[in-house]
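>>> using only what follows, build the 3D model:
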Amino acid sequence: MNRLEEIVKTLKAHIGESVEAALEYLETVLAHDSMRYNDFIQIKSRYNSLQRELLLGVLDHSTYDISRNNISKALLLLSEEITEKDLIPEGGPKTQEEDKRGEVLYNVPDLMQLNHEEKCAVRIAFDIEHVKRDWEESEGDVIKSIRVSDIMAVSLLNVDENDPPFTIRSFSETVQFLDKDDFTEWVFYVKPLKLGRFPLLLRVSVIEMINNKEYKKDIVLEEEITVQTEEVPPAEAQFKSAGTTLTVGNAPLPPAEVPPPAAQAQEAGKKGLKSVAGALLTAAALAMAGYFGYQVYQENTMWDLTKRGGKAGNYEEYLKKYPDGRHSEEAQTVLDSLYKKIELDSVLQIIYSEDPGSDVIPNNGATSVDTTASAVQNETPSNPANTPSGKKSTSAGANKKTTKKTQKDQLVRQQETKKPSTVVSSDTAKTPTPPPLPAAPLLRGKNLYFKMPRFALMESERQDLFFTFYQFNEFREVLAMMGSLGETKMTPGAKIVLVPEKGAEIATEIKYVATTPQMAERSDWYFTLDADELTRLANEKFKSVRLVDAAGKSSKTYKFSNRGSKDLKRKAGDALKKLDDK
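Numbering: from 1, shown residues only. Below you'll find the predicted structure:
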C-alpha cells in the first residue's frame, strides 16, 4: 500500500468516526496550494456555518442531521479525488521559496479639497502589462517594483489615529489573492477633515504560509497631502513635447518653437538624418493617437445620447454604427431586455377597470404583470380580448413563419404607437387561474431585495433562459430565479444543477414555479442558495445547467453563452457584495 492509499484509507476511517476528526486530519495532509485544499476549505466553511446556526437555534435537529450527512458525503467524494500532487511532501512543506517580484501601481492625489471625497486606487500584479490594463493615466501615478506573494493585503491609514485628518472608507477586501493573468485592485475613498499638509500611509503586506503559520512582511509608503478650501482642478496626463502640433477643428496653431542653434555645423550634419527620421516617426505616432482619441470621443458622446434616449431604436442605432465598440456588449444586453419587455407587454394585455363589471380595456396601453410569487398573490389578471371568430390571431409568437427580427420590429412599433381602447364581450372574457401559491414563505426571516435586472444565460430559436438574484435574508440565504421562455417546463420539487468548468456541481431544489396564463411558454423557477454556493458562483466559471425532474431523472442540459457565463459570475459578485454590506 503506497502513501496515497494509506492516507485515503485513514481519512475514510476518520469520516466514519466523526466529521470533526476528518476535517482535522485533512488539515494536516493536504498541501495549502493544491486544488483539493480549496475544496476542503469550502466543506469546512459549510460545517462551521452549520454549527453556528445550530447554536443560534435557527435549525432543528432533523435538518441539522441531514446537513451533517451531506458534509460527510462531500468528504467521501473529496477522498476519491485526492492525488499525490494534493498532499504535503513527505519531507514536510518547503520553508523557503524563491522571492516573487511584482508591480504596485497607485494614485493618491497630493492635493485635495476640504470635506470633498477623493478616490484612491491601488493595483498589484505580477507584470507591468497587467497592472496598467484599463488604467486611466494621470500625473500622480506611482509605479514601484516590490516583492509579492500569492496573497496580498493593502491598507490606507492615518498617521495620527487619535486625531485623524482624513476619514477613509473602502468596499474592497483588505486581504486578496493575486491572479497571474490579471491585476488585483483596492479602492479607497478619502475625505480631508482639516486644512494643511498631512501624511497618509499606504501599507502593502506580503502574506506567506511557512510551516502552516501565517507571516506578514509590510511595505510602508508615505504620501504628503495638501488640503485646501478651493476646488481641485482635474488631473491630466503629462506628455513631453515632440516638436509637432496636431490640431483638430479650427483652433489656430500656436507659434512653433525655435530650435537652438547647432554648436557645430559638422556634428549637426551627421545627426540631421536621424533627427528627420525621428521627427517623422513621432509625427506619425501623434497623428494616430489623435485620430483614435477623437474616434473614442465620438463613440462616448453617442453612447451618452443613447442612454439618455433609452429606447430600442437608440441602442440599435449605436450598434449599427459601432458593432464592435467599447459599449457594444452592454448595448446588446439592454436591447435584448427592451425587446423581451416589449414582447411581454404586447402579449399580456390585462383588463383593469374601476367597475368590476366593466368590459372596456383602458387607453393607457398594455400593463405588464410581474410573475413573481408576490405579484401573483396581490393581482389576479384577466384574459385579453378574444379575436373575432373566423380570424387568426396575430399576437406575438402565434405566427411560426415570422422571423425573430420581424417580430421584434412589429413589437417595437406596437409599443410606440398606442392603439385606441377595445371593447371586450363580457361573456367571452375569462379569468385565468393563477398558479397555486406556496404553503410556506420561499425565504425565511426578514426578506430584503437585490433589485437586479434579469440577464440572459442562453438564447436560441426554441428556448431562452434568464437569471436574477431576487431576495436575501439575515441568514445569508438567497432566493434566485431562473426564467424560461420556450418549450421547457419544470415543477416544484424538480432540481436545477449548475455545472462549473471544474469542481463540484451546485444542485438546488425548485421551491415555486410562477406562470403567466396569457403566455404559456413562459415560466419562472424560484430556488434558494446559501452563502457558500453564492461565493462559488462569484469566484468560479459555470458553463451549463442540467435540469432534473421531481423523479430524479435528468431531462435536459443547456450550455450558457460566453456572455451569460460572464454575467452570472459578475452578478453573483455584486449579490455577494450586497450580502456582505448588509
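
>>> which stretches in the stretch 51-200 of the chain count as helices?
Secondary structure of the stretch 51-200 of the chain by DSSP state H, counting those that start in this stretch: the helices cover 61-81, 128-131.

>>> list the buried residues in the first one.
This points to helix 61-81. Residues of helix 61-81 classed as buried by neighbour count (16 or more other C-beta atoms under 10 Å): 67-68, 71, 74-75, 78-79. (Glycine included, C-beta is placed from N, CA and C.)

>>> same question, the last one
Judged by neighbour count using 16+ other C-beta under 10 Å, the buried positions of helix 128-131 are 130-131.

>>> only alpha carbons, please: show that helix as CSV.
Output of helix 128-131 as CSV, limited to C-alpha atoms (Å, rounded to 0.1, in the frame of the first residue of the first chain):
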residue,chain,number,x,y,z
ILE,A,128,3.6,45.8,-15.8
GLU,A,129,1.2,45.0,-18.7
HIS,A,130,-1.4,43.5,-16.4
VAL,A,131,-1.2,46.2,-13.7
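
>>> in terms of secondary structure, what does that helix contact?
The contact analysis (3 or more C-beta pairs under 8 Å, 6 or more residues apart in numbering; DSSP states H and E) places helix 128-131 against strand 100-107, strand 118-125.

>>> try it again with 6 Å
Contact here means 3 or more C-beta pairs under 6 Å, 6 or more residues apart in numbering; DSSP states H and E; on that basis helix 128-131 packs against strand 100-107.

>>> give me the contacts around the strand it packs on.
121-126, 128, 131, 140-146, 148 (C-beta atoms under 6 Å, 6 or more residues apart in numbering).

>>> how about stretch 174-182?
Outside stretch 174-182, the residues that touch it by C-beta under 6 Å, 6+ apart are 126, 130, 150-153, 184.

>>> quick check on those residues: which are buried?
126, 130, 151-153, 184.

>>> let me know the closest of these to residue 40.
Nearest to residue 40 among the buried ones among the contacts of stretch 174-182 is residue 151, at 17.0 Å by C-beta to C-beta.

>>> that closest one touches residue 209, doesn't it?
No: the pair residue 151 / residue 209 is not scored as a contact, 8.4 Å apart, by C-beta atoms under 6 Å.

>>> quick one: which two of the buried ones among the contacts of stretch 174-182 are the most distant?
Greatest spatial distance among these (C-beta to C-beta): 130 and 153, at 19.0 Å.

>>> wouldn't residue 21 be in contact with residue 13 here?
No: under the criterion of C-beta under 6 Å, residue 21 is not in contact with residue 13, lying 8.7 Å apart.

>>> ok, how many other residues are close to the closest residue to residue 296 other than its chain neighbours?
The shortest distance from residue 296 to any non-neighbouring residue, by C-beta to C-beta, 6 or more residues apart in numbering, is to residue 326 (7.3 Å). Neighbour count of residue 326, defined by other C-beta atoms under 10 Å: 12.

>>> can I assume residue 326 sits in a helix?
No: read with DSSP: H, G, I helix; E, B strand; the rest coil, residue 326 is coil and lies in no helix.

>>> what mean pLDDT does stretch 47-65 have?
The pLDDT scores in stretch 47-65 average 84.

>>> and for stretch 100-108?
The model assigns stretch 100-108 a mean pLDDT of 90.

>>> can you mark which positions in that stretch are buried?
102-108.

>>> do stretch 311-321 as well
Buried residues in stretch 311-321, defined by neighbour count with 16+ other C-beta under 10 Å: 312, 314-319.

>>> same check on stretch 169-178?
In stretch 169-178, counting by 16+ other C-beta under 10 Å, buried: 170, 176, 178.

>>> start to end distance for it?
Using C-alpha to C-alpha, to the nearest Å, the end-to-end distance of stretch 169-178 comes to 22 Å.

>>> can you report phi and psi for residue 329?
phi -60, psi -40 (degrees, to the nearest 10).

>>> what's the burial count for the closest residue to residue 83 other than its chain neighbours?
In space, and not counting its chain neighbours, residue 83 is closest to residue 4: 7.2 Å by C-beta to C-beta, 6+ apart. Residues near residue 4, counting by other C-beta under 10 Å, number 14.

>>> and for residue 449?
Counted with other C-beta under 10 Å, residues neighbouring residue 449 total 11.

>>> and residue 564, how close does it get to residue 553?
25 Å (C-beta to C-beta, to the nearest Å).

>>> and those two? Which one has more around it.
residue 564 (23 against 9).

>>> ok so, going back, for the buried residues of stretch 169-178, which one is nearest residue 493?
Relative to residue 493, the closest of those is residue 176; by C-beta to C-beta it sits at 40.1 Å.

>>> ok so, going back, most widely separated two among the contacts of stretch 174-182?
Going by C-beta to C-beta, the pair spanning the contacts of stretch 174-182 furthest: 130 and 153, at 19.0 Å.

>>> so where's this protein uncertain?
1, 91-99, 211-212, 232-294, 336-440, 516-518 (pLDDT under 70).

>>> now do the domain split for it, please.
Listed by the TED database, the domain ranges of the chain are 3-81, 101-228, 299-332, 447-581.

>>> could you dump those into TSV with distance to residue 89 added?
Listed next are those as TSV, based on distance: least, C-beta to C-beta, whole Å:
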stretch	distance to residue 89
domain 3-81	8
domain 101-228	13
domain 299-332	45
domain 447-581	24
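
>>> and among those domains, the most buried is which?
When the domains of the chain are scored by mean count of other C-beta atoms under 10 Å, the highest mean neighbour count falls to domain 447-581 (a mean of 17).

>>> rewinding a little: now do the residue nearest to residue 83 against residue 16, distance only.
19 Å.

>>> what sits against residue 229?
residue 114.

>>> how about residue 208: what's its closest non-neighbour residue?
Nearest to residue 208 is residue 149, by C-beta to C-beta, 6+ apart, at 5.1 Å.
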